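Colleague: okay, sequence plus prediction incoming.
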Amino acid sequence: MAARVRPFLREFTAANVPMEEVIEFYGIDTAVIPVSMQRPYTWSNTVATIDGFMNFDSTPRVADWDKALKSRSNGENVINHKSKSTKDGSVHGSVESDVALKRHPQAGPFSLADYRLLNAGWIYADAVLSSGPCLRVDPFLRHVPVFEDMLSYRKNVLGKSSNPIHIVLTSSATSFDYTNQTMFNAADLHVVVITTPADCDSAKEAFILSRNTKSVSKLWSDETHAKAQGTVRFVALPLAKAAITVDLTVAMHWLRTELDVHCLEIDAGGSVVRRMIDFKLLDEVRLTQTGQLIGSHDETGSVRPSLFGSQGMDSYDSDHSVIFRTLGIRAIGDHHLFLRYALDYRH
Ligand SMILES: NC(=O)C1=CN([C@@H]2O[C@H](COP(=O)(O)OP(=O)(O)OC[C@H]3O[C@@H](n4cnc5c(N)ncnc54)[C@H](OP(=O)(O)O)[C@@H]3O)[C@@H](O)[C@H]2O)C=CC1
Ligand SMILES: Nc1nc(O)c(N)c(N[C@@H]2O[C@H](COP(=O)(O)O)[C@@H](O)[C@H]2O)n1
């Protein structure tokens with residue numbers, strides 16, 4: 001008897017995943033998002049090893065600014081694949097990840113599929129949220145599609161602005177390096193830093209102090225609202241009950257009502273993703289699982305960031321566990337699985 005093939009089980013035809021396959025797998029029918037929703041329709045996008053780790057390093061490398069900037073200018077952080085889709089035939093930016101097995105001789109070329117799918121989320125997102133640690137780890141972090149076909153789809157088919165709003169969730173924005181972090185110095189981005197009331201004013205001060213004659217990004221103000229690109233906005237939101245961090249439910253409501261964000265991608269680590277789940281704020285989990293086991297500690301002995309975090313998070317009994325309903329599965333090569341889940345909450 002022939003094996004039953006479910007329609008959502010497929011293989012991508014190329015590492016440079018064709019647009020129609022991208023749309024089929026990760027497309028969002030905005031019609032299914034209830035108009036009455038008091039928050040954005042929200043998904044996370046993660047690449048993780050088979051043992052559930054999200055990065056080889058556990059600690060930010062901000063002390064290495066000079067090294068990072070030098071290696072960027074030497075082109076070390078730029079991967080050139082045989083399968084390319086930007087206009088000039090190159091892929092730019094801080095691209096495929098070690099977690100996505102980019103250096104493995106057999107799997108490496110297929111890691112481009114993971115990067116294409118990461119970019120795919122940015123096509124549909126009105127805003128992309130990352131966290132303090134993400135910025136500290138990656139000085140060049142930005143969430144703008146680098147592929148021409150994706151940018152064109154975003155602008156011409158979906159009718160969206162060139163770039164999603166960049167949201168940073170933190171309680172210590174004062175500690176960011178505003179002079180060097182790409183995101184705070186980009187003429188084409190609107191960055192919104194969501195932080196605590198205790199942190200907000202001093203963070204704003206630090207940002208203003210970092211501006212010099214060469215700085216292109218300005219502090220957001222009501223007057224510049226109409227042309228928000230190239231501005232950085234600091235927002236203090238109320239704390240969660242009995243906590244020292246922002247109330248995430250309030251934050252999501254604010255994004256929808258104040259910034260008109262209908263579709264939000266979470267590009268943060270496991271702790272943020274997990275908190276969003278605990279508060280029933282996440283609609284989908286998008287996960288690239290790569291066939292490698294790396295263990296829980298990095299070379300300094302510190303714990304590596306993990307899928308869904310664990311410390312201080314809620315636990316559920318068998319009647320209240322969060323149910324992951326499979327929306328789609330794709331594979332490519334022998335080492336990459338792409339999983340799309342809808343979340344059903346019972347707590
Ligand atoms: N493989 C992958 O797909 C991805 C991997 N990563 C990696 O994951 C690691 C980070 O993961 P992890 O350590 O779990 O951290 P998270 O990215 O989950 O971020 C946690 C941080 O988010 C901020 N935060 C969370 N909740 C709140 C709140 N309610 N109010 C205010 N601020 C809040 C705080 O930032 P602060 O400390 O600034 O106050 C907190 O420390 C990095 O190494 C990164 O590179 C990240 C994204 C994707
Ligand atoms: N390639 C990729 N796919 C995803 O789905 C992602 N969410 C990310 N995010 C980035 O992955 C980085 C992992 O670290 P390494 O480059 O392997 O050291 C992490 O920093 C996120 O920015 N990437």
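Modeller: Thanks, I have the structure now. Numbers count the residues shown, from 1 in each chain. Ligands and ions are numbered 1, 2, ... in the order given.
Colleague: backbone dihedrals for the closest residue to residue 266 other than its chain neighbours, both of them.
Modeller: Distances taken as C-beta to C-beta, 6 or more residues apart in numbering place residue 44 nearest to residue 266, at 4.2 Å, with adjacent residues excluded. From N, CA and C alone the C-beta is placed, and that goes for glycine too. Backbone torsions of residue 44, given as degrees, to the nearest 10, read phi -110, psi 160.
Colleague: buried ones in stretch 182-199?
Modeller: 182-186, 189-196, 199 (16 or more other C-beta atoms under 10 Å).
Colleague: how close does the residue nearest to residue 266 sit to residue 251?
Modeller: 15 Å (C-beta to C-beta, to the nearest Å).
Colleague: helices or strands up against the host helix or strand of residue 252?
Modeller: Assigned by DSSP states H and E, residue 252 falls within helix 248-259. If you count contacts as 3 or more C-beta pairs under 8 Å, 6 or more residues apart in numbering; DSSP states H and E, helix 248-259 packs onto strand 165-169, strand 190-195.
Colleague: those: which one's closest to ligand 2?
Modeller: strand 165-169 (12.9 Å; C-beta to the nearest ligand atom).
Colleague: which stretches in this protein count as strands?
Modeller: Counting by DSSP state E, the chain has strands at residues 9-11, 41-49, 127-131, 165-169, 190-195, 218-219, 231-236, 263-266, 284-290, 323-332, 336-344.
Colleague: out of the ones you listed, deepest packed?
Modeller: Ranked by mean neighbour count, the strands of the chain are led by strand 263-266 with a mean of 26 (mean count of other C-beta atoms under 10 Å).
Colleague: what's that strand in contact with?
Modeller: 28, 30, 33, 40-45, 121-122, 124-129, 143, 164, 167, 252, 255, 272-273, 276, 282 (C-beta atoms under 8 Å, 6 or more residues apart in numbering).
Colleague: surely residue 247 meets residue 239?
Modeller: Yes: in this structure residue 247 lies within contact range of residue 239 using C-beta atoms under 8 Å: 6.3 Å.
Colleague: which parts of the stretch 101-250 of the chain sit against ligand 2?
Modeller: Contact residues (C-beta under 6 Å from any ligand atom) of the stretch 101-250 of the chain with ligand 2: 114-115, 118, 134, 137-138.
Colleague: can you pull the contacts of the closest residue to ligand 1 within the stretch 51-200 of the chain?
Modeller: Taking C-beta to the nearest ligand atom, ligand 1 has its nearest neighbour within the stretch 51-200 of the chain at residue 132, 1.8 Å off. Counting by C-beta under 8 Å, 6+ apart, residue 132 makes contact with 168-173, 175-176.
Colleague: dump those residues to a markdown table, plus pLDDT.
Modeller: Listed next are the contacts of residue 132 as a markdown table, based on pLDDT from 0 to 100:
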| residue | pLDDT |
| --- | --- |
| 168 | 98 |
| 169 | 98 |
| 170 | 98 |
| 171 | 98 |
| 172 | 98 |
| 173 | 98 |
| 175 | 96 |
| 176 | 97 |
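Colleague: and the residues you listed, which of them are buried?
Modeller: 168-171, 173, 176.
Colleague: among the contacts of strand 263-266, which ones lie close to ligand 1?
Modeller: residue 272.
Colleague: excluding its backbone neighbours, what's nearest the residue nearest the centre of the chain?
Modeller: Nearest to the geometric centre of the chain sits residue 267, at 1.7 Å (C-alpha atoms, centre = their mean). Counting by C-beta to C-beta, 6+ apart, the nearest residue to residue 267 once its immediate chain neighbours are dropped is residue 130, at 4.9 Å.
Colleague: show the contacting residues for the one you found.
Modeller: Residue 130 touches 141, 143, 166-169, 267-268, counting by C-beta under 8 Å, 6+ apart.
Colleague: list the buried residues of stretch 131-143.
Modeller: Buried, per 16+ other C-beta under 10 Å, within stretch 131-143: 131-139, 141-143.
Colleague: and those, which of them are in helices?
Modeller: 132-137 (DSSP state H).
Colleague: now render the residues you listed as CSV, adding distance to residue 319.
Modeller: Below are those laid out as CSV (distance: C-beta to C-beta, whole Å):
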residue, distance to residue 319
132, 35
133, 33
134, 34
135, 39
136, 39
137, 38
